[in-house]
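**Student:** model this:
(chains A and B)
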Amino acid sequence: MTALLTIIVLVFILIAIWQMVKIFDLAQAKSSAGDEIPGVATDKDNSLNGYLMMGFLAFIYVITIVSCVKWGDLPLLSNSASEHGPTIDNLMIISLVIIFFVQTVTQFLLHYFAFKYKGEKGKQALFFADNNKLEAIWTIIPVIVLAGLIIYGLNTWINIMGVDESDDPIVIELYAQQFNWKARYAGADNTLGKANVRLIDIDRANILGLDEADPNAQDDIITTELHLPKGRPVLFKMRSQDVLHSAYMPHFRAQMNCVPGMITQFGFTPTKTTAEMRATQQMKDKVANINEIRVENSKKLIAKGEEALERYEFDYLLICNKICGKSHYNMQMKIVVEEEEEFNAWLKEQKEFKNSLIN
Amino acid sequence: MSAHADTHAHDDHGHHHKETFVTKYIFSQDHKMIAKQYLVTGTIMGVIGVIMSLLFRMQIAWPEQPNVIFEALLGKWAPEGVMDADIYLALVTIHGTIMVFFVLTAGLSGTFSNLLIPLQIGARDMASGFLNMVSYWLFFLSSVVMVISLFVSAGPAAAGWTIYPPLSALPMAQGGSGTGMTLWLVSMAIFIASSLLGSLNYIVTVLNLRTKGMSMTRLPLTIWAFFITAVIGVISFPVLLSAALLLIMDRSFGTSFFLSDIFIQGEVLHYQGGSPVLFEHLFWFLGHPEVYIVILPAMGLVSEIMATNSRKPIFGYRAMIASILAIAFLSTIVWGHHMFVSGMNPFLGSVFTFTTLLIAIPSAVKAFNWITTIWKGNLQMNPAMLFSIGFVSTFITGGLTGIILGDSALDINVHDTYFVVAHFHLVMGISALYGMFAGIYHWYPRMYGRMLNKNLGYIHFWVTAVCAYGVFFPMHFIGMAGLPRRYYTNSNFPLFDDVSNVNVIITIFALIGGVVQIVYLYNFFISMYYGKKTVQNPWRSTTLEWTAPIKHIHGNWEGEIPHVYRWSYDYSKPGHDEDFVPQNIPLKDGEEELQH
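**Tutor:** This is a model prediction of the structure:
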C-alpha cells in the first residue's frame, strides 16, 4: 500500500514537472526574439540569475549569522577544564576568525562579480589572461598566514603531546571494550601492573587481563567511574580488548584512540572540579537550556503515555569516538573531577586488584 | 577486437563499419558510448547512495520513531518501522562507499575522462578501446557486487567506509563484518582493477594521441586535471588493493597483518603481532589522494566551463597547471592528518600538519584565479555556469575549515565529530557533485545531441544550492559542540540535547535537496528523447570536441582530425570578430599566440 502511494506521488511529481516545463517553454517562445538557441541562457536568464546570486550571497551571510547566534555558544571554544585547554581554544578562535574573514570576503567577490558582470548581448569581456603580480600576491599572503598558523599549531601540539615524567603524573589506564569503559589506577606504587588480554579470566573476575604474578598489579584498582584530582597531571595509558575505540573527553580537549595490541597515551591536568564547572555561568545557561528542551520533550512523551525524561545535571564524560559496532552510540563513562583529598578518600574505598579476584 | 579498434585509431579517414546492437550499446569500445555507460551506472548508484543518506538523516532527526518509509525500504531491518542500529551503521558505510568511489570517482572521472580526453586532444578514440571496455565492465561488475551485498542476511558492511580492522575483520564484532564485508572487499578489489585500467588508458592517451599542434601547454585544463588524476590513481589505488588483500588474508586465512591481542565475546583470538594502525596508513595512503581524485576532475571541468561562460580566458593558465601539480604532489604526503589521534608518534603528526596546511596554498591560488576569471567577464548564466560558481563557493567554505582539521592540535578536539562530516561533504562531496552536474549540463549536447531544459536546470541548481548550505553549514556547529559522528541516536547524551533541533533542520533541508534531484533525473532521462536538438557549438566554445559532428561516429571526425594552432582559451581576444576563436583556427597574419 505504501509502495503504491509512493509510486502515485512520484507519478504526480513527474506530471507536475512536465506541466511546469511546458508553461516555461510556452512563456519563453513568446518572449524570445527568435535568434536564440534553445537551452542556452538569454540576457533575461543572465539578469535573473545574477540577482539570485546576490540573494544567495545574502543567504550565506544570514545562515552564518543565525548559526553563530543560535548555536555559537560553544562549550568547546571556551570554558575548558584542562590546563592545555585554553591554548587549543585560542588557536581555534584565531583560526575561526581568519576563516570567517576570508569566507566573507571571497564569497562576496565571487557572488558580486557573478551579479555585476552578468552577460548582455554585445558586451565585450576583458581579455585578461595572466598577471604574475596578482598570482604572487595570492600565493604569498596564504604562505604568510599559514606559516603563522603552522608555527602556532605545532608549538601547541608539541606542548600537549609531550609527556613530562618529571612532574610526577598519576598514571591511569583507560580500558575500552564493546561497549563500555573501565579505568585502572596504579595504586600506591603509581606503576600499572603488566596486563594482556590473553590473561583475562572471567571466572576469577580478572576482567582486564592483569598479570596476577606481577607485584605491581596487586594494588591496582579497577573502576567503572573515572575520578580525577584537580590540579594533578594525569597520564592516561589507553588499551582496547577488541576493536578500535577512541577515548574522547571533549571538556578537557583530549582524545586518543584505543588500539588493540598496543598502548597509546595522552596526558592533561584537570583545572576545574565537576562542582566548579557546574557553577560557571556558561554551564548554568547551557544546562538550563537543555532542561527546558527536556521538559518540552517530556510533555510529548507523557501525552503518549511514556515516562518523562530525567532532569539533566552536568557531568564530564568520556565518550567513544571511533565507530566500534552496534552500541557505539552508547559507550560512555562518567568523569568526576574533585579536590585531591576527596579523590584520595574515594580511591581508598575502592577494592585493590588482589582483593577483587574470586578464588 | 582490439585490432579492430587499433585500425580505427590510426585511420585518418574514419570509415564506417557495421555495428551490431551488442557492439554498439553493450560491449562498446567507443569512448563516447563508454562515457555514457559510466554516467548512467554512476547515476543509478548515486540514487541509491542519496536515498540511503536520507534514510539515516531521518533516523538522526527523529531517533527511534516508527516511519513507514523505513518499513517499506528496510524490511526486517526496521521492525515495526523503527530503524535498527546495525542497519544505521550499514547505511552510513555504504552511502560513503558508493558516493566516494562509485559516483564521484567512477561516475565523474569515468564519464568525463572518457568523453573528453579523445575529443579535446583530437584523437579517434582511447589508446586501447578494448581495455577501456574492460574497465567499464569491471566497474559494472563491482557495482553489482556492492548492490548484492545489501541483501545478505547478516547485513552489508557496517564498519564505516574506512573499514578499520579489527571491527571489519571480525564477524563476531558486528553483523556486517561477515559476508557483507567479504562482498565489500571483493567489490572494491574489482573496482580498483577497473580504475587502474582506466587510469593507464587516460595517461597513455594524453601522452601519445594528441593531434598535430596540441602541445601540452595548449591542452584545456580539463585534460590536465584528468591526466594528473589518473597519475594519482595509478600511484595510490594499488596501495588500497594491497590493504584489501591483506585484510582478506586476516579475515579468511588467519594471518595477523592488522590484528593482535584480541579478546572478544568471551574468547581470546590467536592473532598476534599485527597493528590496525598499519591498516590506517595503507588505507589513507589511498584515502587522502582519493579526495583529490574526486575533486581534480571537477576543478578541470569547472575551469573550462567558467572560461567559456565568462567569455574570458581562464585566468592564470600556468598557475592553474602548477597548482594542480602541487596539489597532486602534496596529496600523496598528507595522509597522516587522518591519524593524528591514532596512536601514531606525535612527531609524525607534526610533519603531517606541516604538509597538510601547505595544500591550502595551491588551493587558494585556484580559488582566486576562478574569481578573477569571472571578473569583467560577460557571464552567460547557463545551468553549467551556475553549478561552477556554486562549486567555487562550496569549495571555499568547505576548504577553509581544513585549516582547523589539518592542524593536529585542533584536530584533537574535533576529530571524528560532525565538524569533519560538514567539512568533507562541502569541500569534496558537494563540490565534486557540483562539478559533475556542471559537466553534465555543459556536455549533455555533446553526449546526446540534445539540450537539457535550462529552466529545470535553474530550479535544480537553486534549490540544491540552498539545501547544500542548509544541511552542511549548521553541521559545523554540532561538531564544535563535540557530537561524534556515526551515532545512531544522541538520546543517551542529554549533553547534546540542545543541538537536536539543529539535526531536524538539517534533515528537512536534506529531504528537500534530495527530492529536487528528481527534477534533474527527469530532465536527464526525458531530454535524451524529447530535448531540443542541439546546434553544433551551443556554448560557443573553443575546444575541439565542438568541431566533431553532433551525431556520434566511430573515430570522432569525418576526414582528417583537426589541427591545433592556439591554446584553448582565446575568448574575447582583441582583433577577432567573434568573442571566441576555436583551437583549430590558424593564427591570423601578424597575430601572436599568447605567451602563457
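**Student:** what helix or strand is the nearest residue to residue B:417 once chain neighbours are set aside on?
**Tutor:** With sequence-adjacent residues excluded and distances taken as C-beta to C-beta, 6 or more residues apart in numbering or on different chains, residue B:417 is closest to residue B:479, at 4.1 Å. For glycine as for every other residue, the C-beta is placed from the backbone atoms N, C-alpha and C. Element membership for residue B:479, per DSSP states H and E: helix B:454-480.
**Student:** so how far is that helix off the chain centroid?
**Tutor:** 18 Å (C-alpha atoms, centre = their mean, to the nearest Å).
**Student:** what of stretch B:230-239?
**Tutor:** Its chain's C-alpha centre and that of stretch B:230-239 lie 15 Å apart, by C-alpha atoms, centre = their mean.
**Student:** in that stretch, which residues are buried?
**Tutor:** Across stretch B:230-239, burial judged by 16 or more other C-beta atoms under 10 Å in any protein chain shown covers B:230-237, B:239.
**Student:** next: stretch B:536-548.
**Tutor:** B:537-548.
**Student:** what sits up against it?
**Tutor:** For stretch B:536-548, the surrounding residues in contact (C-beta atoms under 8 Å, 6 or more residues apart in numbering or on different chains) are A:37, A:39-40, B:115-116, B:119-122, B:211, B:220, B:304, B:308-309, B:380, B:382, B:384, B:442-443, B:445-446, B:451, B:550, B:556-557, B:562, B:564, B:568-571, B:578-584.
**Student:** show me where the stretch 201-350 of chain B has strands.
**Tutor:** B:263-264, B:267-268 (DSSP state E, counting those that start in this stretch).
**Student:** contacting residues around the last one?
**Tutor:** If I follow you right, that is strand B:267-268. By C-beta under 8 Å, 6+ apart, the surrounding residues in contact with strand B:267-268 are A:197-198, A:200, B:262.
**Student:** and with 6 Å instead?
**Tutor:** residue A:198 (C-beta atoms under 6 Å, 6 or more residues apart in numbering or on different chains).
**Student:** before we move on, back to that, tally of neighbours for the residue nearest to residue B:417?
**Tutor:** Neighbours of residue B:479 under the rule other C-beta atoms under 10 Å in any protein chain shown: 28.
**Student:** any idea how far residue B:411 is from it?
**Tutor:** 12 Å (C-beta to C-beta, to the nearest Å).
**Student:** hang on, the earlier thing: can you lay out the buried residues of stretch B:230-239 as CSV showing pLDDT and distance to residue A:296?
**Tutor:** Formatted as CSV, these follow (pLDDT from 0 to 100; distance: C-beta to C-beta, whole Å):
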residue, pLDDT, distance to residue A:296
B:230, 96, 55
B:231, 96, 56
B:232, 95, 51
B:233, 95, 51
B:234, 95, 56
B:235, 94, 54
B:236, 93, 50
B:237, 94, 51
B:239, 95, 51
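**Student:** nearest to chain A among the residues you listed?
**Tutor:** residue B:239 (20.0 Å; C-beta to the nearest C-beta).
**Student:** nearest residue to that closest one other than its sequence neighbours?
**Tutor:** residue B:285 (4.6 Å).
**Student:** quick one: the most centrally placed residue in chain A from chain B, how far?
**Tutor:** Centroid check for chain A by C-alpha atoms, centre = their mean gives residue A:250 as the closest residue, at 8.0 Å. Per C-beta to the nearest C-beta, to the nearest Å, residue A:250 is found 4 Å from chain B.
**Student:** same deal with residue A:167?
**Tutor:** 18 Å.
**Student:** my guess is that residue meets residue A:233, correct?
**Tutor:** Yes - with contact defined as C-beta atoms under 6 Å, residue A:167 reaches residue A:233; the gap is 5.3 Å.
**Student:** of the two, give the one with the bigger neighbour count.
**Tutor:** residue A:233 (17 against 11).
**Student:** so the more buried one sits against residue A:269, correct?
**Tutor:** Yes - using C-beta under 6 Å, residue A:233 makes contact with residue A:269 at a distance of 4.6 Å.
**Student:** nearest spatial neighbour of the residue in the stretch 451-596 of chain B positioned nearest to chain A, chain-adjacent residues omitted?
**Tutor:** Nearest residue of the stretch 451-596 of chain B to chain A (C-beta to the nearest C-beta) works out as residue B:451 at 2.9 Å. Once flanking residues are discounted, residue B:451 sits nearest to residue A:39: 2.9 Å by C-beta to C-beta, 6+ apart.
**Student:** ditto for residue B:348
**Tutor:** The shortest distance from residue B:348 to any non-neighbouring residue, by C-beta to C-beta, 6+ apart, is to residue B:336 (5.7 Å).
**Student:** how about residue B:162?
**Tutor:** residue B:283 (5.9 Å).
**Student:** quick one: pLDDT of that neighbour?
**Tutor:** On pLDDT, residue B:283 comes in at 96.
**Student:** relative to residue B:100, how far out is it?
**Tutor:** 12 Å.
**Student:** who's more crowded, the two?
**Tutor:** Counted by other C-beta under 10 Å, residue B:283 and residue B:100 do not tie: residue B:283 has more neighbours, with 24 against 21.
**Student:** deepest-packed of the strands of the stretch 201-350 of chain B, please.
**Tutor:** Scoring the strands of the stretch 201-350 of chain B by mean neighbour count under mean count of other C-beta atoms under 10 Å in any protein chain shown gives strand B:263-264 as the most buried, with a mean of 20.
**Student:** and that one, what does it pack against?
**Tutor:** The helices and strands touching strand B:263-264, judged by 3 or more C-beta pairs under 6 Å, 6 or more residues apart in numbering or on different chains; DSSP states H and E, number zero.
**Student:** alright, that wraps it up for me.
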